[in-house]
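S.K.: Here is the input, now give the coordinates:
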Amino acid sequence: MNIIPIILTIIIVFMILLYTYKKDYIEKEPKKKIILLFLLGFVSLILSKYILSIFLTFFPDISEEVNNPNTFVQIVISFGEIGFIEELSKWILLMIFIWKSKDFNYVYDAIVYSVCIALGFALLENIIYVINYENNALIFRLFFTIPVHATFGVISGFYIGKAKVFSKKKVENNITYNLFLSLFIPIIMHGLYDFILVKGIGIYAIIFIAIVIIYYIISIIAINSTNRIDYVLYEDK
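M.R.: Next up is the predicted model:
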C-alpha cells in the first residue's frame, strides 16, 4: 500500500480544518470538542454503511455501483444512497452532540463542528479508498472530494446556526425550517455532485467544475457572513 496518498489526505483535511478553526474570530471552540466531532465523522461513515445495508434490503436491485448506465439508477444512487444516507448520518450525530451543548454559544460554532464531522468522514472514507483502490482517482479525491465534503459541512452548520438563533427566540416554525434546510441542501449538493461526476464527460465535465467552484464560493460567503458579525446564543457556558 502506498502511504503517500494517506499522508496527503491527512494534510489536506487538517489544512481545511485549520482554516475553518482560524476563521472563528470571536471565541475558539474547545479542542476536546473539535477532536470529538472529528472522530464522530469516523462513526458517521460506519453509520452510513449500516443505513445503506438496510436500504439495500428493500431495494436489492439497486447496487452501490455508480457506473450503472441507467440514468434513473444513477439519480437514485447519487441522491439516495450517497447524498441522503451520508448527509443524514453526519447530521444525526452532529445534532445529538452539539444542539444542546453549552459550547455551541455562537452561530459560527455550528459551522466549525459540522466541518469537523464532515472532514472526519472524508478522511476515513479516503483512507479506505486508498487501501482498496490504488489508482489515479486518488489525486482527484484529494483535491475535489475532500474539500467538497467540507462545503457540505459549512452549509449544514450555517443553517443549524440559524435554527439555533430562532430556538433562542422560540420561533418554532423557523427552527424546523432551518433544520430541514441544514439537511436537505447538503443532500441536494452532495447528490448533484455525484450525479454530474458519474456523467463526467463532455459538457458534464464543464458543469462539474462550475458546480465545485460555486460550492466553494457559497461556503466562503457563508463563513465570512457568519464569523464576523456573530450572534451570541449563551452569555455563559
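S.K.: CA only for contacts and neighbour counts going forward, please
M.R.: Will do.
S.K.: Report the mean confidence score over stretch 223-232.
M.R.: Averaged across stretch 223-232, the pLDDT comes to 80.
S.K.: which residues are contacting it?
M.R.: Lys23, Asp24, Tyr25, Ile26, Asn105, Tyr106, Val107, Tyr108, Ile111, Val154, Phe158, Val165 (C-alpha atoms under 8 Å, 6 or more residues apart in numbering).
S.K.: what stretches of this protein score poorly on pLDDT?
M.R.: Per-residue confidence of the chain (counting by pLDDT under 70) places the weak regions at 1, 60-68, 134-137, 229-231, 234-237.
S.K.: repeat that for 90
M.R.: 1-9, 25-27, 53-77, 80-81, 127-144, 166-173, 197-205, 227-237 (pLDDT under 90).
S.K.: For the chain, which segments count as helices?
M.R.: In the chain, helices defined by DSSP state H lie at 4-22, 31-58, 71-75, 85-98, 107-132, 137-140, 146-169, 172-199, 203-227, listed in chain order.
S.K.: With distance to Leu233 and mean neighbour count as added columns, please give those in TSV.
M.R.: Shown next, in TSV, are the helices of the chain (distance: least, C-alpha to C-alpha, whole Å; neighbours: other C-alpha atoms under 10 Å):
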stretch	distance to Leu233	mean neighbour count
helix 4-22	19	17
helix 31-58	18	17
helix 71-75	39	17
helix 85-98	13	20
helix 107-132	7	25
helix 137-140	39	13
helix 146-169	7	24
helix 172-199	14	19
helix 203-227	13	16
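S.K.: now stretch 141-160, how far from the chain's geometric center?
M.R.: Counting by C-alpha atoms, centre = their mean, to the nearest Å, stretch 141-160 is centred 4 Å from the centre of its parent chain.
S.K.: Spit out the contact partners of Ala9.
M.R.: Wrong residue type there; residue 9 is Thr, not Ala. Remark: with contacts taken as C-alpha under 8 Å, 6+ apart, Thr9 is in contact with Leu123, Asn126, Ile127, Leu142.
S.K.: The first one contacts Val13, correct?
M.R.: Yes: contact status for Leu123 versus Val13: in contact at 6.8 Å, counting by C-alpha atoms under 8 Å.
S.K.: Give me the common contacts of those two.
M.R.: Common neighbours of Leu123 and Val13 are listed as Ile146 (criterion: C-alpha under 8 Å, 6+ apart).
S.K.: before we move on, back to that, which two of the contacts of Thr9 have the greatest separation?
M.R.: Using C-alpha to C-alpha, the contacts of Thr9 reach their maximum pairwise distance at Ile127 and Leu142, which is 10.7 Å.
S.K.: Out of the contacts of stretch 223-232, which comes closest to Phe59?
M.R.: Within the contacts of stretch 223-232, proximity to Phe59 (C-alpha to C-alpha) peaks at Val154, which comes in at 31.4 Å.
S.K.: and the gap between the closest one and Ala118?
M.R.: Distance, Val154 to Ala118, by C-alpha to C-alpha, to the nearest Å: 9 Å.
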